[in-house]
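Colleague: what would the 3D arrangement of this be:
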Amino acid sequence: MVTVGFDLDMTLIDSRPGIKAAFEALSATTGVYVDADLAITRLGPPLVDELAHWFPAEDIEAVAETYRHRIYPVHGIAPTLAMPGARESVEAIRRAGGRTVVVTAKYGPNAVRHLEHLDIAADAVVGDLWAEGKGAALIEHGASVYVGDHTGDVRGARRAGALSVGVATGPVGAAELRAAGADVVLADLTEFPEWFAGYLSEAA
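Modeller: Here you go, the predicted structure:
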(Lines give C-alpha, C1' and ligand atoms only; values in the text may rest on other atoms or scores of the structure.)
Protein backbone atom coordinates (compact mmCIF):
# COMPACT_ATOMS: atom_id res chain seq x y z
CA MET A 1 0.00 0.00 0.00
CA VAL A 2 1.44 3.36 -1.05
CA THR A 3 1.36 6.22 1.46
CA VAL A 4 1.56 9.81 0.22
CA GLY A 5 2.31 12.71 2.51
CA PHE A 6 1.04 16.24 1.91
CA ASP A 7 1.90 19.60 3.37
CA LEU A 8 -1.18 21.65 4.29
CA ASP A 9 -0.89 25.42 3.81
CA MET A 10 -0.70 26.42 0.14
CA THR A 11 -0.49 22.75 -0.84
CA LEU A 12 -3.89 21.29 0.10
CA ILE A 13 -5.48 24.52 1.33
CA ASP A 14 -5.31 28.21 0.48
CA SER A 15 -5.13 29.44 4.04
CA ARG A 16 -4.24 33.03 3.18
CA PRO A 17 -7.73 34.46 3.81
CA GLY A 18 -8.02 32.67 7.15
CA ILE A 19 -4.52 33.50 8.33
CA LYS A 20 -4.99 37.15 7.34
CA ALA A 21 -8.22 37.30 9.37
CA ALA A 22 -6.52 35.58 12.31
CA PHE A 23 -3.56 37.97 12.32
CA GLU A 24 -5.91 40.96 12.13
CA ALA A 25 -7.80 39.57 15.13
CA LEU A 26 -4.49 38.99 16.94
CA SER A 27 -3.57 42.64 16.38
CA ALA A 28 -6.92 43.74 17.77
CA THR A 29 -6.53 41.46 20.79
CA THR A 30 -2.94 42.33 21.68
CA GLY A 31 -2.76 45.93 20.49
CA VAL A 32 0.40 45.04 18.53
CA TYR A 33 0.41 45.78 14.81
CA VAL A 34 0.93 42.78 12.54
CA ASP A 35 1.06 43.38 8.77
CA ALA A 36 -1.27 40.54 7.85
CA ASP A 37 -0.88 41.17 4.10
CA LEU A 38 2.88 40.73 4.43
CA ALA A 39 2.62 37.71 6.72
CA ILE A 40 0.56 35.72 4.24
CA THR A 41 3.25 36.09 1.57
CA ARG A 42 5.69 33.97 3.58
CA LEU A 43 3.64 30.98 4.73
CA GLY A 44 5.40 27.70 5.42
CA PRO A 45 7.67 28.14 8.44
CA PRO A 46 6.29 27.79 11.98
CA LEU A 47 4.00 30.41 13.49
CA VAL A 48 6.63 31.48 16.02
CA ASP A 49 8.96 32.50 13.17
CA GLU A 50 6.36 34.98 11.91
CA LEU A 51 5.50 36.24 15.39
CA ALA A 52 9.17 37.02 15.95
CA HIS A 53 8.84 39.83 13.39
CA TRP A 54 6.23 41.59 15.54
CA PHE A 55 6.54 40.59 19.21
CA PRO A 56 9.39 40.60 21.77
CA ALA A 57 11.01 37.21 22.23
CA GLU A 58 9.73 36.87 25.79
CA ASP A 59 6.10 37.23 24.61
CA ILE A 60 6.12 34.89 21.61
CA GLU A 61 5.09 31.63 23.30
CA ALA A 62 2.17 33.23 25.12
CA VAL A 63 1.02 35.03 21.96
CA ALA A 64 1.32 31.80 19.98
CA GLU A 65 -0.92 30.02 22.51
CA THR A 66 -3.52 32.78 22.22
CA TYR A 67 -3.37 32.61 18.43
CA ARG A 68 -3.60 28.83 18.21
CA HIS A 69 -6.28 28.22 20.83
CA ARG A 70 -8.44 31.35 21.02
CA ILE A 71 -8.10 33.18 17.71
CA TYR A 72 -7.38 30.77 14.89
CA PRO A 73 -10.29 28.35 15.45
CA VAL A 74 -12.70 31.32 15.39
CA HIS A 75 -11.22 33.40 12.57
CA GLY A 76 -8.94 31.12 10.53
CA ILE A 77 -11.03 28.12 9.51
CA ALA A 78 -14.14 29.38 7.72
CA PRO A 79 -12.44 31.74 5.19
CA THR A 80 -9.91 29.12 4.07
CA LEU A 81 -10.39 27.37 0.72
CA ALA A 82 -9.33 24.03 -0.72
CA MET A 83 -6.63 24.35 -3.35
CA PRO A 84 -7.68 23.33 -6.87
CA GLY A 85 -7.25 19.59 -7.22
CA ALA A 86 -6.80 18.92 -3.49
CA ARG A 87 -9.83 16.70 -2.95
CA GLU A 88 -9.30 14.96 -6.29
CA SER A 89 -5.67 14.20 -5.42
CA VAL A 90 -6.56 12.64 -2.06
CA GLU A 91 -9.37 10.67 -3.70
CA ALA A 92 -7.00 9.38 -6.41
CA ILE A 93 -4.77 7.95 -3.69
CA ARG A 94 -7.74 6.40 -1.91
CA ARG A 95 -9.07 4.81 -5.14
CA ALA A 96 -5.66 3.24 -5.67
CA GLY A 97 -5.82 1.66 -2.21
CA GLY A 98 -3.30 4.09 -0.75
CA ARG A 99 -3.15 6.22 2.38
CA THR A 100 -2.72 9.96 2.86
CA VAL A 101 -0.90 11.61 5.76
CA VAL A 102 -0.81 15.38 6.23
CA VAL A 103 2.42 16.60 7.82
CA THR A 104 2.38 20.32 8.55
CA ALA A 105 3.96 23.06 10.62
CA LYS A 106 0.45 24.14 11.65
CA TYR A 107 -0.86 23.31 15.13
CA GLY A 108 -2.32 19.83 14.68
CA PRO A 109 -5.88 20.38 15.98
CA ASN A 110 -6.28 23.40 13.69
CA ALA A 111 -5.02 21.36 10.74
CA VAL A 112 -7.69 18.76 11.52
CA ARG A 113 -10.32 21.52 11.70
CA HIS A 114 -9.35 22.69 8.22
CA LEU A 115 -9.55 19.22 6.70
CA GLU A 116 -12.90 18.49 8.30
CA HIS A 117 -14.33 21.86 7.25
CA LEU A 118 -13.19 21.35 3.65
CA ASP A 119 -14.08 17.65 3.49
CA ILE A 120 -10.53 16.53 2.68
CA ALA A 121 -10.26 13.00 4.05
CA ALA A 122 -6.69 12.39 5.21
CA ASP A 123 -5.93 9.12 7.01
CA ALA A 124 -3.57 10.80 9.50
CA VAL A 125 -2.53 14.32 10.47
CA VAL A 126 0.74 15.30 12.16
CA GLY A 127 1.26 18.93 13.15
CA ASP A 128 3.98 21.19 14.54
CA LEU A 129 6.72 19.91 12.24
CA TRP A 130 8.82 21.93 9.82
CA ALA A 131 11.40 21.16 7.13
CA GLU A 132 13.73 18.30 8.13
CA GLY A 133 11.57 17.74 11.21
CA LYS A 134 8.84 16.42 8.92
CA GLY A 135 11.07 13.52 7.95
CA ALA A 136 10.46 11.57 11.15
CA ALA A 137 6.68 11.61 10.68
CA LEU A 138 7.00 10.62 7.04
CA ILE A 139 9.19 7.67 8.03
CA GLU A 140 6.83 6.68 10.85
CA HIS A 141 3.88 6.59 8.47
CA GLY A 142 5.83 4.89 5.68
CA ALA A 143 5.34 7.70 3.16
CA SER A 144 7.17 7.10 -0.09
CA VAL A 145 6.06 10.46 -1.59
CA TYR A 146 5.77 13.89 0.03
CA VAL A 147 4.00 16.77 -1.72
CA GLY A 148 4.63 20.36 -0.68
CA ASP A 149 4.95 23.93 -1.88
CA HIS A 150 8.07 25.05 0.02
CA THR A 151 11.78 24.24 -0.07
CA GLY A 152 11.36 23.15 3.55
CA ASP A 153 9.01 20.44 2.29
CA VAL A 154 11.67 19.27 -0.15
CA ARG A 155 14.13 18.99 2.73
CA GLY A 156 11.60 17.02 4.78
CA ALA A 157 11.01 14.58 1.93
CA ARG A 158 14.72 14.08 1.39
CA ARG A 159 15.32 13.49 5.09
CA ALA A 160 12.73 10.70 4.92
CA GLY A 161 14.07 9.22 1.69
CA ALA A 162 10.73 9.98 0.05
CA LEU A 163 10.14 11.23 -3.48
CA SER A 164 9.75 15.02 -3.31
CA VAL A 165 6.87 16.41 -5.36
CA GLY A 166 6.77 20.20 -5.40
CA VAL A 167 3.70 22.23 -6.27
CA ALA A 168 4.30 25.82 -7.35
CA THR A 169 1.27 27.19 -5.50
CA GLY A 170 2.97 28.79 -2.50
CA PRO A 171 5.64 31.43 -1.92
CA VAL A 172 8.31 29.42 -3.78
CA GLY A 173 8.42 29.12 -7.56
CA ALA A 174 9.01 26.04 -9.67
CA ALA A 175 12.66 26.88 -10.38
CA GLU A 176 13.46 27.27 -6.69
CA LEU A 177 11.73 23.99 -5.87
CA ARG A 178 13.83 22.22 -8.50
CA ALA A 179 17.01 23.90 -7.26
CA ALA A 180 16.20 22.69 -3.74
CA GLY A 181 16.09 19.11 -5.01
CA ALA A 182 12.43 18.39 -5.77
CA ASP A 183 12.20 15.24 -7.90
CA VAL A 184 8.97 16.38 -9.60
CA VAL A 185 7.44 19.86 -9.87
CA LEU A 186 3.77 20.35 -10.74
CA ALA A 187 2.03 23.65 -11.45
CA ASP A 188 -0.69 22.71 -8.95
CA LEU A 189 -2.58 19.70 -7.61
CA THR A 190 -4.86 19.51 -10.64
CA GLU A 191 -1.87 17.77 -12.27
CA PHE A 192 -1.37 15.33 -9.42
CA PRO A 193 -3.90 12.54 -10.24
CA GLU A 194 -2.44 12.01 -13.72
CA TRP A 195 1.12 12.13 -12.38
CA PHE A 196 0.21 9.71 -9.59
CA ALA A 197 -1.32 7.22 -12.04
CA GLY A 198 1.95 7.24 -13.99
CA TYR A 199 3.98 6.88 -10.79
CA LEU A 200 1.98 3.79 -9.83
CA SER A 201 2.38 2.32 -13.31
CA GLU A 202 6.14 2.75 -13.19
CA ALA A 203 6.30 1.28 -9.69
CA ALA A 204 4.34 -1.75 -10.85
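
Colleague: and the longest helix along the chain, average pLDDT?
Modeller: For the chain, the longest helix by residue count, based on DSSP state H, is helix 16-30. For helix 16-30, mean pLDDT is 98.

Colleague: residues contacting whichever helix or strand comes after it, please?
Modeller: Following helix 16-30 in sequence order, the next helix or strand is helix 36-39 (DSSP states H and E). The contact list for helix 36-39 (CB atoms under 8 Å, 6 or more residues apart in numbering) reads Ile19, Lys20, Ala21, Phe23, Glu24, Ser27, Glu50, His53. Backbone N, C-alpha and C define where each C-beta goes, glycine included.

Colleague: quick one, domains of this structure?
Modeller: Structural domains annotated on the chain: 3-14+82-203, 16-75, as defined by automatic domain parsing.

Colleague: save those as a markdown table, and put in mean neighbour count too.
Modeller: A markdown table is the format used below for the domains of the chain (neighbours: other CB atoms under 10 Å):
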| stretch | mean neighbour count |
| --- | --- |
| domain 3-14+82-203 | 20 |
| domain 16-75 | 17 |
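
Colleague: how about the contacts of helix 36-39 in JSON lines, adding distance to Asp35?
Modeller: Formatted as JSON lines, the contacts of helix 36-39 follow (distance: CB to CB, whole Å):
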{"residue": "Ile19", "distance to Asp35": "12"}
{"residue": "Lys20", "distance to Asp35": "10"}
{"residue": "Ala21", "distance to Asp35": "14"}
{"residue": "Phe23", "distance to Asp35": "8"}
{"residue": "Glu24", "distance to Asp35": "10"}
{"residue": "Ser27", "distance to Asp35": "9"}
{"residue": "Glu50", "distance to Asp35": "10"}
{"residue": "His53", "distance to Asp35": "8"}
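
Colleague: Ala204: which of those is nearest?
Modeller: Ala204 lies nearest to Ile19 out of the contacts of helix 36-39, by CB to CB, at 40.1 Å.
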